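Engineer: Provided below are the primary sequence and the corresponding predicted coordinates.
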Amino acid sequence: MPELPEVETVKVGLGKLLPGKKIASVQYDWDKSFPNNKHDVDGFLVGSKVQKVRRRAKVLMIDLSTEYSLVIHLKMTGQLVFVGDERFGAGHPTDSLIGSLPDKSTRIIFCLSASKGDEFEINARKQRSAQGNVQEVRRTSTGVDDMAVTQKRWQSFGLCPEPGQCDAHLYFNDQRKFGWVRLIPTVEIPNIDFFKKVGPEPLGDDFKFGDFKKQLEKRKNSMIKAALLDQTVVAGIGNIYADESLYMAKIHPSTRVKDVSETKLKSLYEAIREVLNLSIEKGGSSDRNYVDAEGKRGSYLGFAKVFRREGKPCERCGSEIIKIKVAGRGTHICPKCQKEPK
Ligand SMILES: [Zn+2]
């Protein structure tokens, strides 16, 4: 599942490529991936220009010149791939990051055109009457979905309604179809339920140790791992990063929050930021590290010290890393470095 570092990687990558681009058209083949009404899409998406790419927790936002935003949740298997003069993809690591697109995991295609100054400056609101820029591509009912069929299916709906102007595509791929892209007015984003409840950004400059401690007090009787995974305590920490930071801070994941010493809590605070930053530095799961220097695929967990390393030696003490269950989740620990609470 794409976690905070992967979503941050998407943000940074697309943040270099999308601003200034015009969204010429959009096609999708699955209603739930793109739950937006045609009126809004024609009026506020098609013809708009990308201004900024932002992230909050694991949610991505693409702000548009129409004061609407695309709010994107990658969920379990979502990924975004930009294909133009250059290629950039990140999110859930699969072959779609590097393969030919669209493929069978493609749910939405955005046709993009370079905005060459004022001549392409279009007020999207005036475009409402423009014909058929939004197309819903129905999936073939035969169940046949090999690459040739997939490509043909999308092409038959006229991939680029503005031939010659479209110079790049943004693909939203999602094998399991839990992810979504919603178009909503930018000012309404903070009112979405999720944003009202979500905790502070662990990497934010204004997120100090005192804030971390205060947030954890809300769950003082919970196991520390459960508290870390609670998105209302801190935003965007998933299973991998909870295990990695608890290992780094030498805290057993089933320790109650109230039993973790101040010193250990401080180490944990530092560890969370270090582990997340390290992973972002390594590119989260992006096309760049999905294929490593030897052409080997999917090595994105290279930074992990305990996650999925059961049976291997702890780098600190040599003990065997084990996998246990804490708070209902598979949990990786060094039994010697992370002492079980009494
Ligand atoms: Zn150890």
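Structural biologist: Thanks, I have it.
Engineer: from now on I want contacts and neighbour counts done on CA atoms only, so please keep to that.
Structural biologist: OK.
Engineer: give me the contacts around stretch 248-264.
Structural biologist: The set of residues that contact stretch 248-264 without belonging to it, under C-alpha atoms under 8 Å, 6 or more residues apart in numbering, is 216-217, 219-225, 227, 243, 246, 267-268, 271, 326-327, 331, 333, 337-341.
Engineer: could you pull out the buried residues of that stretch?
Structural biologist: Taking 16 or more other C-alpha atoms under 10 Å as the basis for neighbour counts, the residues of stretch 248-264 that come out buried are Met248, Ala249, Lys250, Ile251, His252, Pro253, Ser254, Thr255, Arg256, Val257, Val260.
Engineer: list buried residues within the contacts of stretch 248-264.
Structural biologist: Neighbour-count burial (16+ other C-alpha under 10 Å) applied to these gives 216, 219-220, 222-225, 227, 243, 246, 267-268, 271, 326, 331, 333, 337-338.
Engineer: now the strands for the stretch 201-342 of the chain?
Structural biologist: Assigned by DSSP state E, counting those that start in this stretch, the stretch 201-342 of the chain shows strands spanning 322-326, 329-333.
Engineer: which strands or helices does the last one pack on?
Structural biologist: The one in question is strand 329-333. Strand 329-333 is packed against helix 239-248, strand 322-326, with contacts defined by 3 or more C-alpha pairs under 8 Å, 6 or more residues apart in numbering; DSSP states H and E.
Engineer: rerun that using 10 Å as the cut-off
Structural biologist: Under the contact criterion of 3 or more C-alpha pairs under 10 Å, 6 or more residues apart in numbering; DSSP states H and E, strand 329-333 touches helix 224-229, helix 239-248, strand 322-326.
Engineer: could I get the ones you listed as JSON lines with mean pLDDT and distance to Ser113?
Structural biologist: As requested, the helices and strands packed on strand 329-333 are arranged in JSON lines below (pLDDT from 0 to 100; distance: least, C-alpha to C-alpha, whole Å):
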{"stretch": "helix 224-229", "mean pLDDT": "97", "distance to Ser113": "40"}
{"stretch": "helix 239-248", "mean pLDDT": "95", "distance to Ser113": "37"}
{"stretch": "strand 322-326", "mean pLDDT": "97", "distance to Ser113": "49"}
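Engineer: tabulate the ones you listed (CSV), appending distance to Glu201.
Structural biologist: Formatted as CSV, the entries for the helices and strands packed on strand 329-333 read as follows, by distance: least, C-alpha to C-alpha, whole Å:
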stretch, distance to Glu201
helix 224-229, 12
helix 239-248, 14
strand 322-326, 24
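Engineer: of all the ones you listed, which lies closest to Pro2?
Structural biologist: Each of the helices and strands packed on strand 329-333 has some distance to Pro2 by C-alpha to C-alpha; the shortest is helix 239-248, at 10.3 Å.
Engineer: CA atoms of that closest one as CSV?
Structural biologist: Only the C-alpha atoms of helix 239-248 are listed here, as CSV (Å, rounded to 0.1, in the frame of the first residue of the first chain):
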residue,chain,number,x,y,z
ASN,A,239,2.6,-0.5,9.1
ILE,A,240,6.1,-0.3,7.5
TYR,A,241,7.0,3.0,9.1
ALA,A,242,5.6,2.1,12.5
ASP,A,243,7.7,-1.1,12.7
GLU,A,244,10.8,0.7,11.4
SER,A,245,10.6,3.6,13.8
LEU,A,246,9.8,1.5,16.8
TYR,A,247,12.8,-0.7,16.0
MET,A,248,15.0,2.4,15.6
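Engineer: is the ion contacted by it?
Structural biologist: No - figure legend: helix 239-248 not in contact with the ion (C-alpha under 5 Å from the ion); closest approach 8.3 Å.
Engineer: residue ranges with poor pLDDT in the stretch 1-150 of the chain?
Structural biologist: 115-150 (pLDDT under 70).
Engineer: let's see it at 50
Structural biologist: Low-confidence segments of the stretch 1-150 of the chain, defined by pLDDT under 50, are located at 117-133, 136-144.
Engineer: ok, back up a step: need the strands of the stretch 201-342 of the chain in TSV (columns: distance to Lys49).
Structural biologist: Rendered in TSV, the data for these read as follows (distance: least, C-alpha to C-alpha, whole Å):
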stretch	distance to Lys49
strand 322-326	46
strand 329-333	42
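Engineer: quick one on the thing from earlier: among the helices and strands packed on strand 329-333, which comes closest to Thr66?
Structural biologist: Distances from Thr66 to each of the helices and strands packed on strand 329-333 were compared using C-alpha to C-alpha; the minimum, 35.5 Å, belongs to helix 224-229.
Engineer: domain assignment for the protein?
Structural biologist: In the domain annotation for the chain, the residue ranges read 4-197, 209-333 (automatic domain parsing).
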